[in-house]
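> dropping a prediction and its sequence here:
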Amino acid sequence: MLFNTFVFAGLFLPLTLLLFWGAPSPRAKRIVLLVSSLFFYSYWLPSYLLLLVGFVAIAWYCAIQADRTRSAWPVWVASILLLGSLAYYKYASFLAHVAVDVGLADSGFRVHQLALPLGISFIVFQALGYVVDVYRREFPAEKRFSVVLLFKGFFPQLIAGPICRAHELMPQLKGNFQFRLDQFTSGLAIFALGLFLKEFFADGLAPLVDQLYARQDVYSFQHAWAASIGFGGQIYADFWGYSTMAVGLARMFAIDIPVNFNLPYLSTSLREFWRRWHITLSQWLRDYLYKPLGGSRHGKARTIFALMATMLLGGIWHGANYTFIVWGAIHGAAQVLEHLLGRRQVRTSHKGWSVTAVFGWIYTFLVVFVAWVFFRAVDIHQATQIVSAMFQPAVFSVRALPAEIKQIAFLVVTLALLQIPIEWLLARLRRERLAPHVAVGIAFWAIIAAVILGAPIAVPFIYFQF
């Protein structure tokens, strides 16, 4: 069920809100949320609801055992079962393909792989993180299975994040759910602004980008850059829109979940970029992978290894394809280079950007947008073809540019100009600095703009495939 459809926004959400706020007690409200969340996930493929419940059962049991012992065996059991399931559903076919490529299997070797469950990577990471937090004594194990199931299944963040930690979400789910008009209306406005980002920018760019990546002939300089920048704008608006809608939805149920974006394309280093882009995933990789691998505490060589391993695994997490491995390797190598050069995040003052900040931004922009080509391309051949064309400048006429490139330029420039005002407005709404009637007005006009200017067909969120 997509957030940007009538089934969700016109039927599911109003009915769930009505039942939730009409429920007589916090326990009844939790039941409404749980049933609604399970229905939300089963709407796509009912049989995979059993998989979600099974993953949560593993995390629930292992967390209780981790709370009772100092031994790490519950973490190992959870890791093997959860990551093993993820490996089968997401990587079995790819690993078979790799085995053929390296000569470990015959060309006809295949592995039967079932359809990829929606959001399986997010589900596994959040469930495993909960077990590890309990083992580290950062959060006590929850004995009630229904609460753990609601923690993982809470529908605004179920499929594509943000990846909520137990200490961020579970206490709120066990609370009293007090209705506050300013919180509810700000949530409505935040949801509407996220819907506008998705409908106008992301879904407007999607078919144009698809046209460019569907080309079979040699790419020109302008087509290559349009493909890279167009997809960079699409995935930014798509995932920023989803994460924003998730924050808004949660607030309508008196729950606050983490913000996942903070103007990442203004970053002046790759280190800063990953502190601003998909913030909860970056924090998860840092706390559960980078630091356990040694982080920056055991010398330069260990730090380099930890950086590369983290980014490579982060790339593989996004998809079972060689292109995602290269994408992760590019980001890993760039961060290693920054580490070796001793580069720090460059902060800009109110007077403007320094020369160092400008060069840092250009460098970050080039790395990120070259890497996006590998993220989006169907294979390594197409990606290298596009990247090669990006660095072969050619003379061309702006007037003679194809219509799709002009449309991409319009949407990307508009997004670049509006991102700061939109983020400013979102920050004000999150802090409830705007009166309820103002928030409702913002929601109204954002929805009107999304309906009138948005794409006629609802496009699935990019991160649903992960």
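Looks like it arrived, so ask away.

> CA atoms for contacts and neighbours, from now on please.
OK.

> all the helices of the stretch 101-250 of the chain, residue numbers only.
For the stretch 101-250 of the chain, the helices defined by DSSP state H, counting those that start in this stretch occupy 120-135, 145-153, 166-173, 181-196, 203-213, 221-252.

> ok, the stretch 301-450 of the chain next?
For the stretch 301-450 of the chain, helices defined by DSSP H, counting those that start in this stretch occupy the ranges 322-341, 355-376, 380-390, 403-430, 436-453.

> and Trp21, which of those is closest to it?
Smallest distance to Trp21 across the helices of the stretch 301-450 of the chain (Cα to Cα): 18.0 Å, for helix 436-453.

> residues touching the closest one, excluding its own?
Helix 436-453 has contacts (Cα atoms under 8 Å, 6 or more residues apart in numbering) with 181-182, 185-186, 188-193, 195-197, 199-200, 429.

> from the residues you listed, list the buried ones, please.
Listed as buried from these are 182, 185-186, 188-193, 195-197, 199-200, 429; burial here means 16 or more other Cα atoms under 10 Å.

> including distance to Arg165 and mean pLDDT, could the helices of the stretch 301-450 of the chain go into JSON lines?
Below are the helices of the stretch 301-450 of the chain laid out as JSON lines (distance: least, Cα to Cα, whole Å; pLDDT from 0 to 100):
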{"stretch": "helix 322-341", "distance to Arg165": "24", "mean pLDDT": "93"}
{"stretch": "helix 355-376", "distance to Arg165": "27", "mean pLDDT": "93"}
{"stretch": "helix 380-390", "distance to Arg165": "35", "mean pLDDT": "94"}
{"stretch": "helix 403-430", "distance to Arg165": "19", "mean pLDDT": "95"}
{"stretch": "helix 436-453", "distance to Arg165": "28", "mean pLDDT": "95"}
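
> closest one to Leu83 among the ones you listed?
Nearest of the helices of the stretch 301-450 of the chain (Cα to Cα): helix 322-341, 17.9 Å.

> any idea of the angle the closest one forms with helix 355-376?
Orientation check (axes from the mean of the first three to the mean of the last three Cα atoms, to 10 degrees): helix 322-341 against helix 355-376 gives 160 degrees.

> flag every buried residue along helix 322-341.
Buried, per 16+ other Cα under 10 Å, within helix 322-341: 322-336, 338-339.

> follow-up on the earlier one: quick one: closest of the helices of the stretch 301-450 of the chain to Ser36.
If we rank these by Cα to Cα, the stretch that ends up nearest is helix 436-453, at 23.6 Å.

> can you point out the buried residues in the closest one?
Neighbour count says helix 436-453 has Pro436, Ala439, Val440, Ile442, Ala443, Phe444, Ala446, Ile447, Ala449, Ala450, Val451 buried, by 16+ other Cα under 10 Å.

> dump that helix to CSV, restricted to CA.
The C-alpha trace of helix 436-453 is given here as CSV (Å, rounded to 0.1, in the frame of the first residue of the first chain):
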residue,chain,number,x,y,z
PRO,A,436,-2.8,24.8,14.0
HIS,A,437,-4.8,26.8,11.5
VAL,A,438,-1.6,27.8,9.7
ALA,A,439,-0.5,24.1,9.6
VAL,A,440,-3.9,23.1,8.2
GLY,A,441,-3.5,25.8,5.5
ILE,A,442,-0.1,24.5,4.6
ALA,A,443,-1.4,20.9,4.4
PHE,A,444,-4.3,22.0,2.2
TRP,A,445,-2.2,23.9,-0.4
ALA,A,446,0.5,21.2,-0.4
ILE,A,447,-2.1,18.5,-1.2
ILE,A,448,-3.7,20.7,-3.9
ALA,A,449,-0.3,21.2,-5.5
ALA,A,450,0.5,17.5,-5.3
VAL,A,451,-2.8,16.6,-6.9
ILE,A,452,-2.7,19.2,-9.7
LEU,A,453,1.1,19.2,-10.4
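
> between it and helix 181-196, how many degrees?
Using the same axes, to 10 degrees: helix 436-453 against helix 181-196 is 20 degrees.

> what's the distance between helix 436-453 and the middle of its chain?
Relative to its chain's centre, helix 436-453 lies at 25 Å (Cα atoms, centre = their mean, to the nearest Å).

> tell me which residues touch the spatially closest residue to Ile380 that is not a sequence neighbour, please.
Spatial nearest neighbour of Ile380, chain neighbours left out: Thr323 (5.8 Å); criterion: Cα to Cα, 6 or more residues apart in numbering. Shown in contact with Thr323 (Cα under 8 Å, 6+ apart): Phe374, Phe375, Ala377, Val378, Asp379, Ile380, Ala383.

> if we go to 10 Å?
Thr323 makes contact with 315-316, 329, 371-383, according to Cα atoms under 10 Å, 6 or more residues apart in numbering.

> quick one on the thing from earlier: need the max-distance pair from the buried ones among the contacts of helix 436-453.
Farthest pair in the buried ones among the contacts of helix 436-453, by Cα to Cα: Asp182 and Phe200, 26.7 Å.

> what's the pLDDT at the closest residue to Gly319 other than its chain neighbours?
Nearest non-adjacent residue to Gly319, counting by Cα to Cα, 6+ apart: Phe466, 6.6 Å away. On the pLDDT scale, Phe466 is placed at 71.

> what residue ranges in the protein score low on pLDDT?
When residues are selected by pLDDT under 70, those of the chain lie in 107, 113, 216-217, 343-353.

> please parse it into its domains.
Following automatic domain parsing, one finds the domains of the chain at 35-177, 182-268+346-456.

> excluding its backbone neighbours, what's nearest Gln419?
Nearest in space to Gln419, with sequence neighbours left out and distances taken as Cα to Cα, 6+ apart, is Leu263 at 7.3 Å.

> correct me if wrong: the one you found contacts Trp277.
Yes: using Cα atoms under 10 Å, Leu263 is in contact with Trp277, at 7.7 Å.

> neighbour count winner among these two?
Neighbour count, other Cα atoms under 10 Å: between Leu263 and Trp277, Trp277 has more, with 20 against 15.

> and the gap between that one and Ser85?
Distance, Trp277 to Ser85, by Cα to Cα, to the nearest Å: 27 Å.

> ditto for Ser36
Relative to Ser85, and taking Cα to Cα, Ser36 is found at 25 Å.

> also Phe154?
Separation of Phe154 from Ser85 (Cα to Cα): 21 Å.

> over to Tyr130?
In terms of Cα to Cα, Tyr130 sits 17 Å off from Ser85.

> more crowded one of these two?
Taking other Cα under 10 Å, Tyr130 and Ser85 do not tie; Tyr130 has more neighbours (28 against 17).

> what about the residue lying closest to that one once chain neighbours are set aside, how many neighbours?
Leaving aside its sequence neighbours, Tyr130 sits nearest to Ala166 (Cα to Cα, 6+ apart; 6.0 Å). Neighbour count for Ala166, taken as other Cα under 10 Å: 24.

> can you give me the buried ones in stretch 238-250?
Neighbour-count burial for stretch 238-250 [16+ other Cα under 10 Å]: 238-250.

> and these, which is closest to Phe125?
Of these, the one sitting nearest to Phe125 (Cα to Cα) turns out to be Ser243, at 16.8 Å.
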